[in-house]
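> Sequence first, then the predicted structure, then my questions.
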Amino acid sequence: MSGVPTLQFRAWSGQHESSRSAIFPPDHISPLSKAYSQQANMSKPSISLTHAFTMTLTVGSPHATPGTPVGDRSFIPVTGGTVKGEGVEAKVTPNGGDFAIVRDGYGKLDVRVHAITQNGEALYIQYYGHLEVNPAVAKILGGDASAQSTNFDDQYLLTTPVIEAPATSNLAWLNRTVFVGKGRFEISSDGLAVVYEVFKAK
(Lines give C-alpha, C1' and ligand atoms only; values in the text may rest on other atoms or scores of the structure.)
Protein backbone atom coordinates (compact mmCIF):
# COMPACT_ATOMS: atom_id res chain seq x y z
CA MET A 1 0.00 0.00 0.00
CA SER A 2 2.87 2.43 0.69
CA GLY A 3 3.85 2.46 -3.01
CA VAL A 4 0.39 3.39 -4.35
CA PRO A 5 0.50 7.16 -3.64
CA THR A 6 3.89 7.50 -5.34
CA LEU A 7 2.65 5.81 -8.49
CA GLN A 8 -0.43 8.01 -8.55
CA PHE A 9 1.65 11.16 -8.17
CA ARG A 10 3.82 10.16 -11.14
CA ALA A 11 0.74 9.56 -13.25
CA TRP A 12 -0.56 13.06 -12.44
CA SER A 13 2.75 14.84 -12.98
CA GLY A 14 2.32 15.20 -16.72
CA GLN A 15 -1.34 15.90 -17.32
CA HIS A 16 -2.82 16.79 -13.95
CA GLU A 17 -0.18 18.93 -12.27
CA SER A 18 -2.70 21.60 -11.39
CA SER A 19 -5.04 19.06 -9.79
CA ARG A 20 -2.22 17.62 -7.70
CA SER A 21 -1.24 21.09 -6.49
CA ALA A 22 -4.83 21.83 -5.54
CA ILE A 23 -5.17 18.64 -3.52
CA PHE A 24 -1.71 18.70 -1.92
CA PRO A 25 -0.61 22.36 -1.75
CA PRO A 26 2.88 22.98 -0.31
CA ASP A 27 1.55 24.84 2.71
CA HIS A 28 -0.57 21.82 3.62
CA ILE A 29 2.47 19.62 4.24
CA SER A 30 4.89 22.11 5.77
CA PRO A 31 3.08 22.49 9.15
CA LEU A 32 3.26 18.73 9.62
CA SER A 33 6.94 18.74 8.79
CA LYS A 34 7.53 21.49 11.32
CA ALA A 35 5.59 19.58 13.98
CA TYR A 36 7.63 16.42 13.43
CA SER A 37 10.84 18.44 13.53
CA GLN A 38 9.86 20.08 16.82
CA GLN A 39 8.92 16.72 18.32
CA ALA A 40 12.27 15.22 17.31
CA ASN A 41 14.09 18.06 19.08
CA MET A 42 12.16 17.68 22.34
CA SER A 43 14.07 16.25 25.29
CA LYS A 44 13.20 12.68 26.21
CA PRO A 45 11.33 12.18 29.51
CA SER A 46 13.03 10.47 32.43
CA ILE A 47 11.56 7.97 34.88
CA SER A 48 12.71 7.84 38.49
CA LEU A 49 12.32 4.81 40.75
CA THR A 50 11.80 5.04 44.51
CA HIS A 51 11.82 2.00 46.77
CA ALA A 52 8.29 1.24 47.95
CA PHE A 53 8.33 -2.11 49.73
CA THR A 54 9.86 -5.57 50.03
CA MET A 55 7.63 -8.48 49.09
CA THR A 56 8.61 -11.99 50.17
CA LEU A 57 6.64 -14.96 48.87
CA THR A 58 7.16 -18.47 50.19
CA VAL A 59 6.41 -21.11 47.58
CA GLY A 60 5.60 -24.80 47.49
CA SER A 61 6.39 -27.58 45.06
CA PRO A 62 5.41 -26.89 41.44
CA HIS A 63 2.73 -28.83 39.60
CA ALA A 64 4.08 -29.25 36.08
CA THR A 65 2.42 -29.81 32.71
CA PRO A 66 5.44 -30.11 30.39
CA GLY A 67 5.53 -30.09 26.62
CA THR A 68 2.42 -28.07 25.82
CA PRO A 69 2.25 -26.17 22.50
CA VAL A 70 3.14 -22.93 24.32
CA GLY A 71 5.90 -24.37 26.50
CA ASP A 72 6.29 -26.10 29.86
CA ARG A 73 3.47 -25.00 32.13
CA SER A 74 3.72 -25.01 35.92
CA PHE A 75 1.53 -23.93 38.76
CA ILE A 76 3.67 -22.90 41.73
CA PRO A 77 1.59 -22.38 44.87
CA VAL A 78 2.31 -19.41 47.12
CA THR A 79 2.11 -20.63 50.70
CA GLY A 80 2.54 -17.30 52.48
CA GLY A 81 4.72 -14.24 52.74
CA THR A 82 4.90 -10.60 53.71
CA VAL A 83 4.71 -7.12 52.21
CA LYS A 84 6.68 -4.51 54.18
CA GLY A 85 7.44 -0.96 53.20
CA GLU A 86 6.22 2.60 52.86
CA GLY A 87 3.02 2.80 54.87
CA VAL A 88 2.05 -0.77 54.09
CA GLU A 89 2.53 -3.99 56.01
CA ALA A 90 0.60 -7.11 55.14
CA LYS A 91 0.68 -10.88 55.32
CA VAL A 92 0.21 -12.93 52.17
CA THR A 93 -2.44 -15.64 52.50
CA PRO A 94 -1.78 -19.20 51.27
CA ASN A 95 -4.26 -19.25 48.41
CA GLY A 96 -2.41 -17.80 45.42
CA GLY A 97 0.21 -18.93 42.98
CA ASP A 98 2.20 -18.51 39.80
CA PHE A 99 0.79 -19.80 36.51
CA ALA A 100 4.17 -19.89 34.79
CA ILE A 101 5.19 -20.89 31.28
CA VAL A 102 8.84 -21.79 30.59
CA ARG A 103 10.08 -21.67 27.03
CA ASP A 104 13.41 -20.98 25.33
CA GLY A 105 15.23 -20.58 28.63
CA TYR A 106 12.88 -18.00 30.11
CA GLY A 107 9.85 -18.21 32.34
CA LYS A 108 6.83 -16.00 31.75
CA LEU A 109 5.35 -15.29 35.18
CA ASP A 110 1.67 -14.77 35.99
CA VAL A 111 1.35 -14.45 39.76
CA ARG A 112 -1.78 -13.64 41.76
CA VAL A 113 -1.88 -13.43 45.54
CA HIS A 114 -4.05 -12.06 48.32
CA ALA A 115 -2.75 -10.20 51.38
CA ILE A 116 -4.25 -8.82 54.59
CA THR A 117 -2.89 -5.66 56.21
CA GLN A 118 -2.47 -5.08 59.94
CA ASN A 119 -5.77 -3.17 59.86
CA GLY A 120 -7.58 -6.08 58.26
CA GLU A 121 -7.76 -4.56 54.78
CA ALA A 122 -7.52 -6.91 51.81
CA LEU A 123 -5.02 -6.38 49.00
CA TYR A 124 -5.11 -8.09 45.62
CA ILE A 125 -1.65 -8.34 44.04
CA GLN A 126 -1.01 -9.50 40.51
CA TYR A 127 2.15 -9.32 38.47
CA TYR A 128 3.60 -10.45 35.22
CA GLY A 129 7.30 -10.80 34.64
CA HIS A 130 10.19 -12.66 33.07
CA LEU A 131 12.62 -15.06 34.73
CA GLU A 132 15.88 -16.24 33.23
CA VAL A 133 16.10 -19.98 33.86
CA ASN A 134 19.88 -20.27 33.98
CA PRO A 135 21.64 -23.30 35.55
CA ALA A 136 21.41 -21.90 39.10
CA VAL A 137 17.70 -21.17 38.73
CA ALA A 138 17.09 -24.56 37.12
CA LYS A 139 18.57 -26.24 40.20
CA ILE A 140 16.28 -24.23 42.45
CA LEU A 141 13.13 -24.93 40.46
CA GLY A 142 14.07 -28.59 40.13
CA GLY A 143 14.53 -29.05 43.87
CA ASP A 144 18.21 -29.91 43.56
CA ALA A 145 19.79 -30.43 46.99
CA SER A 146 22.85 -28.43 45.89
CA ALA A 147 20.81 -25.34 44.96
CA GLN A 148 21.74 -22.12 46.73
CA SER A 149 20.20 -18.72 47.34
CA THR A 150 20.83 -16.14 44.62
CA ASN A 151 21.60 -12.45 44.51
CA PHE A 152 19.51 -9.99 42.53
CA ASP A 153 22.02 -9.92 39.67
CA ASP A 154 22.43 -13.69 39.42
CA GLN A 155 19.42 -13.95 37.11
CA TYR A 156 17.06 -11.74 35.14
CA LEU A 157 13.92 -11.56 37.27
CA LEU A 158 11.83 -8.44 36.72
CA THR A 159 8.13 -7.97 37.37
CA THR A 160 5.43 -5.29 37.13
CA PRO A 161 3.13 -5.67 40.16
CA VAL A 162 -0.39 -4.24 40.05
CA ILE A 163 -2.05 -3.79 43.43
CA GLU A 164 -5.72 -3.25 44.22
CA ALA A 165 -6.67 -1.80 47.61
CA PRO A 166 -9.96 -0.46 49.02
CA ALA A 167 -10.61 2.89 47.33
CA THR A 168 -11.49 4.57 50.63
CA SER A 169 -8.47 3.36 52.60
CA ASN A 170 -5.14 5.05 53.27
CA LEU A 171 -3.63 2.60 50.80
CA ALA A 172 -5.66 3.88 47.85
CA TRP A 173 -2.42 5.28 46.38
CA LEU A 174 -1.47 1.70 45.54
CA ASN A 175 -4.29 1.61 42.98
CA ARG A 176 -2.81 4.40 40.87
CA THR A 177 0.91 3.67 41.12
CA VAL A 178 3.10 1.86 38.60
CA PHE A 179 5.49 -0.57 40.27
CA VAL A 180 8.58 -2.43 39.06
CA GLY A 181 10.11 -5.29 41.04
CA LYS A 182 13.45 -7.09 40.95
CA GLY A 183 13.69 -10.51 42.52
CA ARG A 184 15.99 -13.19 43.83
CA PHE A 185 15.63 -16.65 45.39
CA GLU A 186 16.20 -17.40 49.05
CA ILE A 187 16.66 -20.93 50.35
CA SER A 188 16.44 -21.58 54.09
CA SER A 189 15.46 -24.30 56.53
CA ASP A 190 11.87 -23.10 56.07
CA GLY A 191 11.94 -23.80 52.34
CA LEU A 192 12.05 -21.65 49.23
CA ALA A 193 11.06 -17.99 48.98
CA VAL A 194 11.19 -15.36 46.28
CA VAL A 195 12.20 -11.91 47.54
CA TYR A 196 11.28 -8.82 45.54
CA GLU A 197 12.44 -5.27 46.05
CA VAL A 198 9.60 -3.24 44.58
CA PHE A 199 9.95 0.35 43.36
CA LYS A 200 7.35 2.92 42.38
CA ALA A 201 7.88 4.75 39.11
CA LYS A 202 7.42 8.46 38.66
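Looks like it came in fine. Numbers count the residues shown, from 1 in each chain.
> pLDDT score for the residue most central in space within the chain?
Compute the mean C-alpha point of the chain, and by Cα atoms, centre = their mean the closest residue is Thr160, 3.4 Å away. On pLDDT, Thr160 comes in at 98.
> Can you name the residues that contact the closest residue to Glu86 other than its chain neighbours?
Spatial nearest neighbour of Glu86, excluding adjacent residues (Cβ to Cβ, 6 or more residues apart in numbering): Ala52 at 5.3 Å. For glycine as for every other residue, the C-beta is placed from the backbone atoms N, C-alpha and C. Applying Cβ atoms under 8 Å, 6 or more residues apart in numbering, we find Ala52 in contact with Gly85, Glu86, Thr177, Phe179, Val198, Phe199, Lys200.
> Buried ones among these?
By neighbour count, with 16 or more other Cβ atoms under 10 Å, those hold Gly85, Phe179, Val198, Phe199, Lys200 as buried.
> out of the residues you listed, which are inside strands?
Gly85, Phe179, Val198, Phe199, Lys200 (DSSP state E).
> Mind splitting this structure into its structural domains?
4-41, 49-201 (automatic domain parsing).
> tell me the mean pLDDT over the helix or strand harbouring the residue nearest to Glu86?
Assigned by DSSP states H and E, Ala52 belongs to strand 49-59. The predicted model gives strand 49-59 an average pLDDT of 98.
> so what's the backbone phi/psi at Asn175?
phi -70, psi -30 (degrees, to the nearest 10).
> Does it touch Ala167 like I think?
Yes: counting by Cβ atoms under 8 Å, Asn175 touches Ala167, with 6.8 Å between them.
> The two: who's more crowded?
Asn175 (13 against 8; other Cβ atoms under 10 Å).
> Can you check the pLDDT for the more buried one?
pLDDT, read off for Asn175, is 98.
> Could you do the one 4 residues further on as well?
Looking at Phe179, its pLDDT stands at 98.
> what's near enough to touch it?
Ala52, Thr160, Pro161, Val162, Ile163, Val198, Phe199, Lys200, Ala201.
> one more time with 10 Å, if that's ok
49, 52-53, 55, 125, 127, 159-163, 196, 198-201 (Cβ atoms under 10 Å, 6 or more residues apart in numbering).
> Name the nearest of the residues you listed relative to Arg103.
Ranked by distance to Arg103 (Cβ to Cβ), the contacts of Phe179 are led by Thr159 at 17.7 Å.
> which non-adjacent residue is nearest the closest one?
Nearest to Thr159 is Gly129, by Cβ to Cβ, 6+ apart, at 3.2 Å.
> Report the inter-axis angle for the helix or strand the one you found falls within versus strand 49-59.
Using DSSP H and E, Gly129 sits within strand 122-132. Put simply, strand 122-132 runs at 90 degrees to strand 49-59, going by axes from the mean of the first three to the mean of the last three Cα atoms, to 10 degrees.
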